[in-house]
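# need coordinates for the below:
(one chain, ligands or ions: 1)
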Amino acid sequence: MACTWESLVEECNACTRCALCETRTNVVVGRGCPHAPILFVGEGPGRQEDEQGLPFVGQAGGLLDLACEGLGFATDDYYIANVVKCRPPENRTPFEEECTACLGFLRAQFSLIKPRIVVCLGNVPLHYLIDKNARITQARGQWVQRKGVWFTATYHPAALLRDESKKLDFWKDLRAVREKLQDIQNGGV
Ligand code: SF4
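Numbers count the residues shown, from 1 in each chain. Next up is the predicted model:
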């Protein structure tokens, strides 16, 4: 697996490990600071992300950036990636075999970024990174520490577009992420 950003991007762009390669326009590797303390992980690219080759650039991504800005995150505080790097047709949930095929790239990103906090956005990253049996409605806002890295989960911002009542919890969860980051930067955890 790739050990530099250049080789990672090259490997992703050439990848045919799952059927999603057949329908993608672009491979969507990630965006943000390559040494950020926070790694946000979503599910997979949507239509605009597939067209532009960047994650979270549509309406849902705008909501995430707005929330981060509103809570005082600096742009180099975070990096955003997805469990699968190619768009599932019609934005369906990626199949297990697609997630499994792609997870090596996320692991490589994790090794390069070395985040202190990982925030799972929605059920798919929650299942692959924290607990395969958890549900986002119950697991959101909870924290688990593994090998010095803090993992938490909140709603995928696309869920807020479908159900505005989730916005307050999403905001609370991100505020807790901000506080955790401050604790880490102050040497508290
Ligand atoms: S989703 Fe991941 S594993 Fe599947 S083709 Fe794209 S980069 Fe490869």
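# which secondary structure elements does the host helix or strand of residue 11 contact?
Using DSSP states H and E, residue 11 maps to helix 5-14. Helix 5-14 sits against helix 96-113, with contacts defined as 3 or more Cβ pairs under 8 Å, 6 or more residues apart in numbering; DSSP states H and E. For every residue, glycine as well, the C-beta is placed using N, CA and C.
# relative to helix 5-14, how tilted is the helix it packs on?
170 degrees (axes from the mean of the first three to the mean of the last three Cα atoms, to 10 degrees).
# after helix 96-113 comes which helix or strand?
Using DSSP H and E, the first helix or strand after helix 96-113 is strand 117-121.
# quick one, that next one and helix 96-113 angle?
Using the same axes, to 10 degrees, strand 117-121 lies at 150 degrees relative to helix 96-113.
# contacting residues around strand 117-121?
With Cβ atoms under 8 Å, 6 or more residues apart in numbering as the test, strand 117-121 has contacts from 37-43, 64, 110, 126, 129-130, 149-157, 173-174, 177, 180-181, 184.
# again with stretch 5-18
For stretch 5-18, using Cβ under 8 Å, 6+ apart, the contacting residues are 1-2, 21, 27, 29, 34, 84-86, 97-98, 101-102, 105, 108-109, 112.
# ok, residue 49 to the ligand distance?
12 Å (Cβ to the nearest ligand atom, to the nearest Å).
# going forward, begin numbering at 472 instead of 1
I'll keep to 472 as the first residue from here, and by that count the last item is residue 520.
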